[in-house]
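Enquirer: I would like the atomic coordinates for the input below:
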Amino acid sequence: MNTSLMDHRRGYGLVSRVLHWGMALLVLWQAVSALLHYFADDTAVTDFFFGAHTTIGFLILVFAVLRGFWGLANLARRPEHSRPIDRLAAFGHLAMYLLLIAVPLIALIREYGSGEGFAVFGIQIFPSFQPEIEWTGDLGGALHGELGWVLFLLIAVHILMALVHEFVWKETRLARMTTGNS
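Expert: Take a look at the predicted model:
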């Protein structure tokens with residue numbers, strides 16, 4: 001296993017891998033909570049998962065911004081994307097990053113506009129106020145859930161393509177993000 005912090009041509013460094021798999025766990029939690037909220041609302045298990053939905057969403061936003069900056073800092077060192085399919089993958093990754101920022105950001109805007117205030121882990125992000133800002137609720141209602149489902153679909157395609165690369169095309173792509181070397 002490669003313990004280098006920085007990315008390199010054969011794979012991703014430790015920081016990229018920790019951010020990737022940390023986000024994967026957070027997104028998995030969100031997917032479970034959204035599916036339960038949609039299909040089995042008003043149950044104890046839904047309350048357990050969905051009760052943390054806002055906090056997990058905020059953490060996803062923080063991780064996505066950190067990953068974006070880290071990725072830009074490592075851009076010249078990362079594995080090449082020279083083939084057309086690699087460029088398509090890079091476009092898919094960019095779309096996922098944008099949605100990983102946009103979906104929780106839209107929810108945060110909606111939360112701000114509600115006037116109820118918002119705190120994460122006891123840290124006040126913004127205070128409560130009156131009156132509420134109506135357009136923020138409209139924005140969140142119109143886009144947050146729908147873009148979230150698009151994000152989950154893109155992530156499913158991302159996972160599927162990682163498996164296709166590995167097991168159908170016999171390209172060692174998974175090792176880049178697991179051990180850090182392909």
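
Enquirer: What's the separation between Leu35 and His53?
Expert: Leu35 sits 12 Å away from His53, going by C-beta to C-beta, to the nearest Å. C-beta here means a position set from N, CA and C on the backbone, and glycine is covered the same way.

Enquirer: more neighbours, the two?
Expert: His53 (16 against 13; other C-beta atoms under 10 Å).

Enquirer: what about the residue lying closest to the more buried one once chain neighbours are set aside, which helix or strand?
Expert: Setting aside the residues directly before and after it, His53 is nearest to Ser33 in space (C-beta to C-beta, 6 or more residues apart in numbering), at 4.9 Å. Using DSSP states H and E, Ser33 sits in helix 14-39.

Enquirer: pLDDT of that helix, averaged?
Expert: Helix 14-39 comes out with an average pLDDT of 97.

Enquirer: where does the residue most central in space within the chain land in three-state SS?
Expert: Among the residues of the chain, the one closest to the centroid is Leu100, at 4.1 Å (C-alpha atoms, centre = their mean). Under DSSP: H, G, I helix; E, B strand; the rest coil, Leu100 falls in the helix class.

Enquirer: which residues touch it?
Expert: Leu100 sits next to 23, 27, 60-61, 63-64, 67, 151 when contact means C-beta atoms under 8 Å, 6 or more residues apart in numbering.

Enquirer: Report the contact partners of Tyr49.
Expert: Residue 49: Phe, not Tyr. Phe49 sits next to 29, 32-33, 36-37 when contact means C-beta under 8 Å, 6+ apart.

Enquirer: need the contact list for the residue nearest to His20 when sequence neighbours are not counted.
Expert: The shortest distance from His20 to any non-neighbouring residue, by C-beta to C-beta, 6+ apart, is to Met177 (5.7 Å). By C-beta under 8 Å, 6+ apart, the contact list for Met177 reads 11-12, 16-17, 20-21.

Enquirer: roughly how far apart are Met177 and Lys170?
Expert: Using C-beta to C-beta, one gets 17 Å for the distance from Met177 to Lys170.
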